[in-house]
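Enquirer: Got a predicted structure plus its sequence, pasted below:
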Amino acid sequence: EAGVVQSPRYKIIEKKQPVAFWCNPISGHNTLYWYRQNLGQGPELLIRYENEEAVDDSQLPKDRFSAERLKGVDSTLKIQPAELGDSAVYLCASSLEQGGVGKLFFGSGTQLSVL
Amino acid sequence: QKEVEQNSGPLSVPEGAIASLNCTYSDRGSQSFFWYRQYSGKSPELIMFIYSNGDKEDGRFTAQLNKASQYVSLLIRDSQPSDSATYLCAVRHSNTDKLIFGTGTRLQVFP
């Protein structure tokens, strides 16, 4: 069974540029998460989807971040414009269970460097 | 006070010893607790979960939960160098259903 697939693996951009990350969850997993992990820290939730619906986006900086999950499968996370403080690893995860229970399967992440 | 607290380490143990990793949490209503392992440069991987007070064993891993003390721990028996990683404690918040991660404890197992 294929795991959670993310791309790109690495991204280097200059500040004020836009950037997008893509995620394909495990087949059949209706719940999808985007987390951000700074060096030496635990992952922090940005947004959680149940199918197409964003059920928790309280920590998504909506002035510059946006996300979508069309057809309840793949998801894209966008930052526009990027700031230096956005440098981090962006992790996508999916879960078979709804309600954010906690048994998450993570993708390999996208390491973003903003110069 | 952080919602989920862990000692960042590193915790160094010799091969074959028991490694004890600890985590405290602030939300008294939390009911679900998880341990994730994260190798350097890799993404987190779920290794244990526990919902009830007491011990839960899975192979060399034992999760321990004490809700009265708001404390959860992970014991790794017969530690191996391959267990060297960062161990993240995660707690499901009772009101928001959000999974809150601690900062992780780095474990080093030396031969």
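Expert: That came in fine, so what should we check first?

Enquirer: Single out the residue in chain B that lies closest to chain A.
Expert: Nearest to chain A in chain B, going by C-beta to the nearest C-beta, is B:F101, at a distance of 3.1 Å. The way it works is simple: take the backbone N, C-alpha and C, and place the C-beta from them, glycine included.

Enquirer: Just list the residues touching the residue lying closest to that residue once chain neighbours are set aside, thanks.
Expert: The spatial neighbour of B:F101 that comes closest, neighbours along the chain excluded (C-beta to C-beta, 6 or more residues apart in numbering or on different chains), is A:G42 at 3.1 Å. By C-beta atoms under 8 Å, 6 or more residues apart in numbering or on different chains, the residues touching A:G42 are B:V4, B:L88, B:A90, B:F101, B:G102, B:T103, B:G104.

Enquirer: neighbours around the fourth one, how many?
Expert: Residue crowding around B:F101 was assessed by other C-beta atoms under 10 Å in any protein chain shown; the count is 23.

Enquirer: now do the second one
Expert: Here the number of neighbours of B:L88 (other C-beta under 10 Å) works out to 27.

Enquirer: I'd like the mean pLDDT over the strand or helix carrying it, please.
Expert: Assigned by DSSP states H and E, B:L88 falls within strand B:85-92. The average pLDDT for strand B:85-92 rounds to 97.

Enquirer: Mind listing the strands that strand pairs with, and their directions?
Expert: Strand B:85-92 has the following sheet partners, assigned by DSSP bridges: strand B:32-38 (antiparallel), strand B:99-101 (antiparallel), strand B:105-110 (antiparallel).

Enquirer: So which residues make contact with the shortest one?
Expert: The list of residues contacting strand B:99-101 from outside it, by C-beta under 8 Å, 6+ apart, reads A:42-45, A:100, A:102, A:104, B:3-4, B:25, B:27, B:34, B:36, B:88-93.

Enquirer: and if you look at the longest one?
Expert: The contact list for strand B:32-38, computed with C-beta under 8 Å, 6+ apart, reads A:101-103, B:21, B:23, B:25, B:44-51, B:61, B:63, B:65, B:72, B:74, B:85-92, B:99, B:101, B:104.

Enquirer: now these: which count as buried?
Expert: A:101-102, B:21, B:23, B:25, B:44, B:46-50, B:61, B:63, B:65, B:72, B:74, B:85-92, B:99, B:101, B:104 (16 or more other C-beta atoms under 10 Å in any protein chain shown).

Enquirer: Bridged to the residue nearest to the spatial centre of chain A, which residues?
Expert: Centre of chain A computed as the mean C-alpha position; nearest residue by C-alpha atoms, centre = their mean is A:W34, 2.9 Å away. Counting by DSSP bridges, A:W34 forms beta bridges with A:I47, A:C92.

Enquirer: quick one: it and A:V89 touch, right?
Expert: No. A:W34 is not in contact with A:V89 according to C-beta atoms under 8 Å; the separation is 11.4 Å.
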